[in-house]
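Peer 1: Build me a structure from this.
(4 chains)
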Protein chains: 2
Amino acid sequence: MNPSPEPLHAATRRPRRASILDVAALAGVSASTVSRSLRGHASISAATRQRVVEAARELSYSASPQASGLASGRTHTIGIVVPFVTRWFFVNVVAGAYEVLHEAGYDVLLYHLGTADARDRFFERMPLARRVDAVLTLTLPLTEEHTLALRALDMPLVTLGATLPGVGCVRIDDRAASRTAVHHLLHQGHEDIVMIAGVEDEREFGFASSRQRRAGYREAMESAGLDAKADIVSAETYGLEGGAEAMGVLMDRPMLPTAVVTEYDELAIGALRTLRRASIAVPGRLSVVGVDDHEMASVVDLTTVAQPVQEQGAVAARLLLEALGDTDGSAPGEVVLPTRLVVRGSTGTPFTRTP
Amino acid sequence: MNPSPEPLHAATRRPRRASILDVAALAGVSASTVSRSLRGHASISAATRQRVVEAARELSYSASPQASGLASGRTHTIGIVVPFVTRWFFVNVVAGAYEVLHEAGYDVLLYHLGTADARDRFFERMPLARRVDAVLTLTLPLTEEHTLALRALDMPLVTLGATLPGVGCVRIDDRAASRTAVHHLLHQGHEDIVMIAGVEDEREFGFASSRQRRAGYREAMESAGLDAKADIVSAETYGLEGGAEAMGVLMDRPMLPTAVVTEYDELAIGALRTLRRASIAVPGRLSVVGVDDHEMASVVDLTTVAQPVQEQGAVAARLLLEALGDTDGSAPGEVVLPTRLVVRGSTGTPFTRTP
DNA sequence: TTGAAAGCGCTAACAC
DNA sequence: GTGTTAGCGCTTTCAA
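Peer 2: Numbering: from 1, shown residues only, chains lettered A, B, ... in the order given. Below is the predicted model of the structure:
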């Protein structure tokens, strides 16, 4: 083994990256001219710019974001704050936003705020300050203090899946989505329709969308004159396992409903697992419908109300870029994207004891 | 509508964030003392530090990462480079790494390099330079030029799922994982075992793990004296749809094998969807086994070889932190994590025409 | 159209 | 222990 892994033709060590001065020297101009040329300022002669660009290429120069950020006050970075980094919905929203932001030259700084405590700490210390130019928050249950801290940042802000007064927002109509799911079951003749909804811990998981979807379920039941039958089982944990357990709870009851609607697909998928293991026929004995159109919905043949996920991320990103362009804080819009029912094999006519 | 959304009690506008000088003034010390106190330098009297910390809290001061980065040469940011942002494996690796890095005070900058072109552009412009302190690359097929550019960065580097000579690496034994899957089928009496593997485009998807898993399959078949039957079908696209289509291709052949092993679970899950739609019994007519233990594997009852995913991310992150601590470039280790067979309901004894 | 000079907000080397 | 003095590598007035 060679104790010194460096080649002996020294000078190769730490090939200090070229600075703006190196480029300036090579192009025979001043640093300011380099700066302006490279950022496409109008007031630079084509010839000069040409020389500068070539010099920069020659030295593989690109400006230090740190330095230019410090000098200009812009970071060219967007912060995205998510409650779950691994869940299908969030992952896809981030992916959608990422593409748009990256295209526009922005880097993405990801913050994962999985617990209410993490959120409290985060908004207290506000690591976003001076690190990003704008913020996208996903579906986070925010307290008064959180939103105040966010506003104090005084930078473009867009929320996704949750509304904040006066803040740009992208979402679907969660109530309508939920109603659509229930209506589908009603049309098939179901009356005993129970909802499996997400964790019911306001501080930790108080997602606005969750409240809305629960409300949508109740509305649909009510408008069908089935208020008395409306019944919501809350999952104990987020995701698949939560749905699986909730279905177990439902099965322990004396009477099984004929249909279940879930707040989101992962709950439905978990429920389907429990049903399969218990050999309960779907949709023969029980129909199941979700909301999302999760990638795996097609695999388990789940009927669901599809929402555009990557697109929501993309739209949110564009809203942010728009706000970043304006100097005046033009009215931040609210964009509501459409959902649509996707009928698959997990729903059918209700089970009856004596057909 | 109020045309001026600002409160009239002016002065609230843009409450310039406190700088280190403000804190220094309030605490009655110099800027350097503030800097040292806040970063826990040893040579500061407890009393002074106390005063500084309080002053900082009072003004909700926290250092600008831009400025401190520029001055110190460290960014307190780690770059993670992934080929897919939405795929289960990558998402979970990122999540595992994120927790560890975040805990250690590092921010995470995410780069998505979905196509070979994107990779070429990325490594040419190297936006990582001066933006991060260390880099974690996930399973990327890297060309000579890419790795050179990466090395020229001269910062700690760890790869996950792919080995790079002289670079720290975290992975599983992909060949062994694949062999385990095949052995499981062999033990059940299968001989007609076909592999469904990922896209076979070296430039775009030439993942090392893919090559290794294919090799493992061949080895296992060979050591069972079944070389002649070894047969690999490559998917056309990455993920579920790829597996679904590949299974379709397989079904169009005159003879269906009795078992299929896939390179990773999403392919297996896609294959299962195709099989269900074609009403081909699993495992009655065909057994299916994957590699990963994807979250959904339990839902579709898929037998698979489990690998620890978040843990791989966490281990990689720790390797990075270690390298960041050392001043000498101590030998970057290679960590190989164990896999284990998880038997579920998608595998069974081979189908025979005349039982 | 270009250059000189003054920072951006911090940290680090050197004094004391 | 603590303060002083230089920068880190850019952008941005302000002049020319």
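
Peer 1: Going by C-alpha atoms from here, please, whenever you check contacts or count neighbours.
Peer 2: Will do.

Peer 1: helix, strand or coil for the residue of the stretch 151-300 of chain A found nearest DNA strand D?
Peer 2: The minimum distance from the stretch 151-300 of chain A to DNA strand D, using Cα to the nearest atom of the strand, falls at A:Met155 (16.4 Å). Going by DSSP: H, G, I helix; E, B strand; the rest coil, the secondary structure assigned to A:Met155 is coil.

Peer 1: gap between it and B:Ala228?
Peer 2: 65 Å (Cα to Cα, to the nearest Å).

Peer 1: Neighbour count: those two, which is higher?
Peer 2: More crowded of A:Met155 and B:Ala228, by other Cα atoms under 10 Å in any protein chain shown: A:Met155, with 18 against 8.

Peer 1: Surely the more buried one is in contact with A:Ala134?
Peer 2: Yes - A:Met155 sits in contact with A:Ala134 when judged by Cα atoms under 8 Å, with a separation of 5.5 Å.

Peer 1: Could you tell me which residues make contact with A:Tyr111?
Peer 2: A:Gly79, A:Ile80, A:Val81, A:Val82, B:Val108 (Cα atoms under 8 Å, 6 or more residues apart in numbering or on different chains).

Peer 1: Domains in chain A, by residue range?
Peer 2: A:17-72, A:77-172+A:310-337, A:174-307 (automatic domain parsing).

Peer 1: Make TSV out of these and add mean pLDDT and distance to B:Phe90.
Peer 2: Listed next are the domains of chain A as TSV, based on pLDDT from 0 to 100; distance: least, Cα to Cα, whole Å:
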stretch	mean pLDDT	distance to B:Phe90
domain A:17-72	93	27
domain A:77-172+A:310-337	89	9
domain A:174-307	96	16
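
Peer 1: Highest mean neighbour count out of those?
Peer 2: domain A:174-307 (a mean of 21; mean count of other Cα atoms under 10 Å in any protein chain shown).

Peer 1: now do the same end-to-end measure for that domain.
Peer 2: 10 Å.

Peer 1: Just confirm yes or no for that domain near chain B.
Peer 2: Yes - part of domain A:174-307 sits near chain B under the criterion Cα under 8 Å from any Cα of the partner chain, namely A:Ile269, A:Gly270, A:Leu272, A:Arg273, A:Met296, A:Ser298, A:Val299, A:Val300.

Peer 1: Helices of the stretch 101-250 of chain A, start to end?
Peer 2: Assigned by DSSP state H, counting those that start in this stretch, the helices in the stretch 101-250 of chain A fall at A:116-125, A:144-152, A:174-187, A:202-205, A:208-223, A:240-251.

Peer 1: Oh, that last question was meant for the stretch 251-355 of chain A, not what I typed.
Peer 2: A:265-277, A:310-325.

Peer 1: So for B:Glu191, which of these sits nearest?
Peer 2: helix A:265-277 (29.6 Å; Cα to Cα).

Peer 1: how far out from the middle of the chain is that closest one?
Peer 2: 23 Å (Cα atoms, centre = their mean, to the nearest Å).

Peer 1: Check which helices and strands it is in contact with.
Peer 2: Applying 3 or more Cα pairs under 8 Å, 6 or more residues apart in numbering or on different chains; DSSP states H and E, we find helix A:265-277 packed against helix A:240-251, strand A:287-292.

Peer 1: Redo those as CSV? Include distance to DNA strand D.
Peer 2: CSV is the format used below for the helices and strands packed on helix A:265-277 (distance: least, Cα to the nearest atom of the strand, whole Å):
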stretch, distance to DNA strand D
helix A:240-251, 47
strand A:287-292, 43
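
Peer 1: Out of the ones you listed, which is closest to B:Ile44?
Peer 2: Per Cα to Cα, nearest to B:Ile44 of these: helix A:240-251, 50.7 Å.

Peer 1: Now do that closest one: which elements does it pack against?
Peer 2: Applying 3+ Cα pairs under 8 Å, 6+ apart, we find helix A:240-251 packed against strand A:193-197, strand A:232-234, helix A:265-277.

Peer 1: Take the ones you listed and write them to TSV, including distance to A:Arg125.
Peer 2: Shown next, in TSV, are those (distance: least, Cα to Cα, whole Å):
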stretch	distance to A:Arg125
strand A:193-197	33
strand A:232-234	33
helix A:265-277	33
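
Peer 1: Put together TSV for these, with distance to DNA strand D on each row.
Peer 2: Below are the helices and strands packed on helix A:240-251 laid out as TSV (distance: least, Cα to the nearest atom of the strand, whole Å):
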stretch	distance to DNA strand D
strand A:193-197	49
strand A:232-234	52
helix A:265-277	46
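
Peer 1: of these, which approaches B:Tyr98 most closely?
Peer 2: Across these, closest to B:Tyr98 is helix A:265-277 (Cα to Cα), at 23.3 Å.

Peer 1: Direction-wise, compare the closest one with strand A:193-197 and give the angle.
Peer 2: Here the directions of helix A:265-277 and strand A:193-197 differ by 120 degrees (axes from the mean of the first three to the mean of the last three Cα atoms, to 10 degrees).

Peer 1: quick one: contacts of helix A:265-277?
Peer 2: Contacts of helix A:265-277 with the rest of the structure, by Cα under 8 Å, 6+ apart, involve A:196-198, A:239-248, A:261-262, A:281-282, A:288-294, A:297, A:300, A:302, A:304, B:298-300.

Peer 1: What of stretch A:310-319?
Peer 2: A:92-101, A:136, A:158-160, A:168-171, A:332, A:337.

Peer 1: Can you show me the CA trace of that stretch as CSV?
Peer 2: These are the backbone C-alpha positions of stretch A:310-319, laid out as CSV (Å, rounded to 0.1, in the frame of the first residue of the first chain):
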residue,chain,number,x,y,z
GLN,A,310,-47.1,15.4,-9.0
GLU,A,311,-49.1,18.0,-10.7
GLN,A,312,-50.1,19.6,-7.4
GLY,A,313,-46.4,19.8,-6.6
ALA,A,314,-45.6,21.3,-10.0
VAL,A,315,-48.4,23.9,-9.7
ALA,A,316,-47.3,24.9,-6.2
ALA,A,317,-43.7,25.3,-7.5
ARG,A,318,-44.9,27.6,-10.3
LEU,A,319,-46.9,29.7,-7.8
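
Peer 1: Work out the gap between it and the centre of the chain.
Peer 2: Relative to where its chain is centred, stretch A:310-319 has its mean C-alpha point 9 Å off (Cα atoms, centre = their mean).

Peer 1: isn't A:Ala18 right up against A:Ala63?
Peer 2: No - when contacts are counted by Cα under 8 Å, A:Ala18 is not listed as touching A:Ala63 (9.1 Å).

Peer 1: what residues are up against A:Gly161?
Peer 2: So A:Gly161 contacts A:Leu138, A:Thr139, A:Cys169, A:Val170, A:Arg171, A:Ile172, A:Ala208, A:Ser209 (Cα under 8 Å, 6+ apart).

Peer 1: can you name the two of the contacts of A:Tyr111 that are farthest apart?
Peer 2: Largest pairwise distance in the contacts of A:Tyr111, by Cα to Cα, is 13.2 Å, between A:Val82 and B:Val108.

Peer 1: follow-up on the earlier one: of all the residues of domain A:174-307 next to chain B, which comes closest to A:Thr86?
Peer 2: A:Met296 (14.7 Å).

Peer 1: So A:Gly189 is in contact with A:Pro350, correct?
Peer 2: Yes - with contact defined as Cα under 8 Å, A:Gly189 counts as touching A:Pro350 (6.3 Å).
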